[in-house]
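Enquirer: Quick one: sequence plus predicted model below, questions after.
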Amino acid sequence: MDKKIKEQILAIRDTGETNMFDVRKVQEIALREGYDELLDYLADNTSAYSRFILTGEEN
């Protein structure tokens, strides 16, 4: 996970619009906001994303 993806995740979290474990809704928000890097990341890295949300680890 690079810095830009982390920033996009945190920006979505800061809206309070969704539970961050609702990956589908996170993808919808990312699409709406133009977060293409996050959309690409989530396509192949949902377990790493979930681990980041749960623990803060950026593997």
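Expert: Noted; the coordinates are in hand.
Enquirer: and the spatially most central residue of the chain, what element?
Expert: Centroid check for the chain by Cα atoms, centre = their mean gives Ile9 as the closest residue, at 3.9 Å. Ile9 belongs to helix 3-15 when assigned by DSSP states H and E.
Enquirer: Next, the buried residues of that helix.
Expert: Within helix 3-15, the residues scored as buried using 16 or more other Cβ atoms under 10 Å are Ile5, Gln8, Ile9, Ile12. Just so you know, the C-beta spots here come from the backbone N, C-alpha and C atoms, and that holds for glycine as well.
Enquirer: my read: the second one touches Tyr35, true?
Expert: So that's Gln8. Yes. In this structure, Gln8 is within contact of Tyr35 by Cβ atoms under 8 Å, at 4.3 Å.
Enquirer: quick revisit: kindly provide the distance from the residue nearest to the centre of the chain to Asp40.
Expert: Using Cβ to Cβ, to the nearest Å, Ile9 is found at 13 Å from Asp40.
Enquirer: again, but for Met1
Expert: Going from Met1 to Asp40 by Cβ to Cβ gives 12 Å.
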